[in-house]
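Novice: the sequence and its predicted three-dimensional model are supplied below.
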Amino acid sequence: MFRPFTPPIEDIAIVFGHERSLSNGEKRIYSVAALRISQHATVTEFTSHIRSGKLRAREYAHSQLGEAKLKNAPDEITVSGHLQDFLEGIDHVVGYVPNGHIISLEPLCNNERIIDAALLADYFMPWTGAATAKSLWEYLHKQERQKISFSALEGAKLCTDFLQHLFGTVLNDTTFPAASALRYYLRTSNTLFGTFCCHMLEHFDDYFGNALITPVSKPETADWEQFLDTVPKKEKSTDQREAFHELPEDDIQQLYEQLAHKRKGYSVRQPQVDYASHVARAINANAVACIEAGTGTGKTLGYLLPVMEFLKRNPTQRVAIATYTKSLQKQLYGNELDSCRELFGQYNTIPVALIKGKSNYVCAHKLNDILSPLLDGMEMLSWLYFANICYQYRITDLDDVTPRMRAYFDEGRILSNIAQEVSAGSGCFSTHKQCPGNIVTAEAAQSRLVITNHNKLVLMEQDPQLSELFKHCIIDEANHFEDAVRTTLSPEFSTSDIFFYCRYLREQCRKLILAPSTPEAIEYQAEAVVSEIAYTVTKIDALRDQFKQMNQAAAYGAVPVTPAHQAFTKGDITNDLEILNKHLERIHELSAFFSGKKAGNLPLGYKSISRCRTMRTLLQEASVNLMLIRKGLHEDGTWNSIQVFPRNWLLCGGQVYLGAFIRESIIKQRDTIILTSATLTHQSSFTPYRRTLGLGKSDVLTFSDKEAPPKPCFVARVAPPFTPDYSLVVPSDAPSALYEHKRLWLEYTLKVLPKLIEYNDGATLVLCASYEDLEALRQEFEATYDGSYPLLFQRKGEPATALIEEFRTTRESVLFGVETFWHGVDFPGNTLTQVIITRLPFPAPNSPLMDARKRFLPDGVFWERYRYETAIKFRQGAGRLIRRETDSGLVIVLDNRLLKNQRLAPCPVIQGMRNIPERHRGKGWNKAK
Ligand code: SF4
């Protein structure tokens, strides 16, 4: 796909395959369909099953192919022969194996030149997440698809529709002018991938017989920057504070009555009105409020409506809403806001903006620096991928790089290195007009409602354009807020970044040394930079060995660096870090000639010089982080961790207690702060939560700055609109899932899980406490499970969207998940009737943060915090089961420690499966017995 391709392209072929896994781990296609499309738009079809044994349940769910059909099908060699005859004369094909690997098609087609259709979707439309067949179908048809299965021929036709959409609409000059630049660079890449895309755009009508669509209407251009948006002109500020109009509680009730009148199927729910009244009360009083509202309250609309009404009545006020998850952010900015505006037309004039952290955006300036005539092949395509994100910054960002993109493009870290270099989050040293980050910031500064994430909210006050603007804030999913503050404020020092910066500087210095026109003084300095980099690399390597010697476990995960650590007892690691930092500072200092006024005279291209400046800035930022961490190593109240990789190491650190910062730097700066979630309290008490945020116990919040006015502070719990109907049970033979008993616990879990899945007839979410647990279960299940329920496993680093969708659609499926599945996913109805918690979610006692808390916090506070975190996570996990009033089912905990810690449970615990009430027993209960 990434090698040059020169033969003329005539017909095209699309091949779809269903892939199965054999017990030895090999992958094979068991059903195939191909479409051959000529340049006269004639289509011929080929389709065949391939003789195979029994399919796994998940494979069956995707194809609906039974054993009988596959048993009587022709064998692989015969099908391959027929398929090759069908494809005769075609040098390359477009392949689509949505639930597998394109490589499985190679032996069948006897062709290695296969363009992965799913990669085309990820590459050109990363915002859709449409690389699964169902989601691609829904995206193209703009409607929901009830079933997940496709016949092979349906799959091949879907792929054809996708190509038609991609080349006829997405990359059409008329709707997307920057396509003319993308075409130029696709061609320059000198790859089959690029050649094929250009060919399809030029011959669209020939293949799809639609003369009305001509994707290419402009000449190709290398000037990619001309298509970048520019920062809007600053409008005159209208921000003169006017009288503050409160939102009377009676008006709140009326708002929801109007909503019931306008929205079909909506009726006024008292808990939602109560919730909205608390929100209004907080805004009216400029208070700090912690509001807990259970599932079913309708929280999002419960704050969005009062907020919009408040903004309508107060044209100079502004509100920020911050979420923890991207999915809630999307739901708010898209669905909820749109429907609110549609129903209440007067809200349409309130300007709203979505803003993420700057590091999510691509820096156009740095991206242009990387572009060079030497780029081709995969490097060129990687660059172009980021150029496309830079154009589409409103709907996609650097977080959307998919695992498939990484698998194809990250050989030698090509993609990761570019992503790291072009992120707008760091190394930004100027103000450019064509900058996505600056555009969204300018728009946010002119908006009256911004929707953002927790991290960006924390940093907003440091942004000169946004600080002091958004005085009222709603923080949704607020149980994660402290975590988000910690991530935002904790510096990291990664040696792989340092190597990357140094490598580029060294390369350019060597060029200077070799160039005859380099002035002698610069040549001397360039030589000094090269030697300094060599010392730095040696120091980094020595430190890596030192860290590893100190704690072998650092090679398997982050371990704490504590005062009792050998780093201090056998020498002083802080001295070594200081020396390393001196080297970094020295490189920065010696390479100053790249940034001086005379840099333009260096015998290097201007882009190389500009990139060297970026590298210097990044190096300097890394050095600041290193010194922050180093300082923290000697301070009380900090946590620090080290992780060692084969070549690199990663050092992190931060404050254990963030309450003071949150109170003084976030809450004090705002008029109103509303912290809300379905899970804030433990045993009906807000005390532990308030403590984490530095809110104390009083109704009035005071600040260290005596001039700052005190703030009212209140808490509220909105009674859930219904009583959840489920049983929480610990089987009588469940072991203790202490890490020390891992083997016993694993054996037990592997033994009972298939039975529990069968009793419930699938529809089960299995929650694991760590990826390690999940992997242990996955390996065993994938090798041995022979049941009839499709098993879906979350994988580290892979987005969960496709799994969520598959789980929702295939009712009998079983989903094994970690972190993200404990919160923030919704599976209403009979898709999910059983949640199995494999291990109580106690925080890992040996994690660097826990270790530091234990040393720093008084015993009572530590344990209160420990239990609080466990209880909140447990409630969230169990809470996945009941999303609607009509939902019911079972939560099973395979860890008998719950019996001794029943106060962690959100409801009474039943001991023994026999004692489960009849109505909560799964559909397969009697069948299985
Ligand atoms: S302002 Fe900063 S982030 Fe924006 S384009 Fe310029 S250097 Fe990049």
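Specialist: Here it is on my side, so go on.
Novice: what residues does the stretch 251-400 of the chain put near the ligand?
Specialist: 363-366 (C-beta under 6 Å from any ligand atom). For every residue, glycine as well, the C-beta is placed using N, CA and C.
Novice: closest one of these to Thr692?
Specialist: Nearest to Thr692 out of these is Cys363 (C-beta to C-beta; 34.8 Å).
Novice: how about the residues of this protein near the ligand?
Specialist: 363-366, 424, 428, 430-432, 435, 437-438.
Novice: report the buried members of those.
Specialist: For those, a burial check counting by 16 or more other C-beta atoms under 10 Å picks out 363-366, 424, 428, 435, 437-438.
Novice: give me the subset of the residues you listed lying in helices.
Specialist: If you go by DSSP state H, those have 364-366, 437-438 in helices.
Novice: nearest residue to Asp636 other than its sequence neighbours?
Specialist: Take Asp636 and drop its neighbours on the chain: the residue closest to it by C-beta to C-beta, 6 or more residues apart in numbering is Phe856, 6.5 Å away.
Novice: quick one: the one you found and Gly637 touch, right?
Specialist: Yes - here Phe856 reaches Gly637: they are 5.1 Å apart, a contact under C-beta atoms under 8 Å.
Novice: between those two, which contacts overlap?
Specialist: The contact sets of Phe856 and Gly637 overlap at 656-657 (C-beta atoms under 8 Å, 6 or more residues apart in numbering).
Novice: roughly how far is the one helix or strand Asp497 maps to from the heart of the chain?
Specialist: If you go by DSSP states H and E, Asp497 is part of helix 495-514. The chain centre lies 31 Å from the centre of helix 495-514; the measure is C-alpha atoms, centre = their mean, to the nearest Å.
Novice: can you list contacts of it?
Specialist: Counting by C-beta under 8 Å, 6+ apart, 417, 420-421, 518, 522-523, 526-527, 529-530, 533, 536-537, 540, 544, 584, 587, 591, 594, 602-604, 608-609, 611-612, 615-616, 618-619, 622, 645, 647-650 sit against helix 495-514.
Novice: any stretches of the chain with poor pLDDT?
Specialist: 130-131, 235-243, 427, 429-430, 563-571, 926-929 (pLDDT under 70).
Novice: coming back round to it: and the residue nearest to Asp636, how many residues sit next to it?
Specialist: 16 (other C-beta atoms under 10 Å).
Novice: how far away is it from the ligand?
Specialist: In this view, Phe856 and the ligand are 37 Å apart by C-beta to the nearest ligand atom, to the nearest Å.
Novice: now the stretch 501-650 of the chain against the ligand: closest residue?
Specialist: Thr614 (8.0 Å; C-beta to the nearest ligand atom).
Novice: what's the helix or strand for that residue?
Specialist: Counting by DSSP H and E, Thr614 is part of helix 606-633.
Novice: what's that helix packed up against?
Specialist: helix 364-370, strand 492-494, helix 495-514, helix 573-590, strand 638-644, strand 649-655 (3 or more C-beta pairs under 8 Å, 6 or more residues apart in numbering; DSSP states H and E).
Novice: return the most buried member of those.
Specialist: When the helices and strands packed on helix 606-633 are scored by mean count of other C-beta atoms under 10 Å, the highest mean neighbour count falls to strand 638-644 (a mean of 24).
Novice: list the contacts of the residue nearest the centre of the chain.
Specialist: The residue lying closest to the centre of the chain (C-alpha atoms, centre = their mean) is Asp399, at 5.8 Å. With contact set as C-beta under 8 Å, 6+ apart, Asp399 has these partners: 326, 360.
Novice: the residue located most distally from the centre of the chain and Ile498, how far apart?
Specialist: Using C-alpha atoms, centre = their mean, the residue of the chain lying farthest from its centre is Glu520. It sits 49.5 Å away. From Glu520 across to Ile498, the span is 29 Å (C-beta to C-beta, to the nearest Å).
Novice: over to Ser888?
Specialist: 55 Å.
Novice: still on that earlier bit, would you turn the helices and strands packed on helix 606-633 into a markdown table with distance to Leu212?
Specialist: Listed next are the helices and strands packed on helix 606-633 as a markdown table, based on distance: least, C-beta to C-beta, whole Å:
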| stretch | distance to Leu212 |
| --- | --- |
| helix 364-370 | 34 |
| strand 492-494 | 52 |
| helix 495-514 | 48 |
| helix 573-590 | 58 |
| strand 638-644 | 57 |
| strand 649-655 | 55 |
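Novice: burial of the residue of the stretch 51-200 of the chain found nearest the ligand, as a residue count?
Specialist: Proximity of the stretch 51-200 of the chain to the ligand (C-beta to the nearest ligand atom) peaks at Ala178, 16.6 Å away. Using other C-beta under 10 Å, Ala178 is surrounded by 19 other residues.
Novice: so what's the nearest residue to His92 once chain neighbours are set aside up against?
Specialist: Excluding its sequence neighbours, the residue lying closest to His92 (C-beta to C-beta, 6+ apart) is Arg113, at 3.7 Å. The contact partners of Arg113, by C-beta under 8 Å, 6+ apart, come to 1, 5, 91-93, 192.
Novice: among the contacts of helix 495-514, name the buried ones.
Specialist: Buried among those (16+ other C-beta under 10 Å): 417, 420-421, 518, 522-523, 526, 529-530, 533, 536-537, 540, 544, 584, 587, 591, 594, 602, 604, 608-609, 611-612, 615-616, 618-619, 622, 648-650.
Novice: quick one: the strands in the stretch 651-800 of the chain?
Specialist: 672-677, 700-701, 711-718, 725-730, 764-767, 791-793 (DSSP state E, counting those that start in this stretch).
Novice: in CSV, list those strands along with mean neighbour count.
Specialist: Output for these, formatted as CSV (neighbours: other C-beta atoms under 10 Å):
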stretch, mean neighbour count
strand 672-677, 26
strand 700-701, 16
strand 711-718, 19
strand 725-730, 21
strand 764-767, 27
strand 791-793, 22
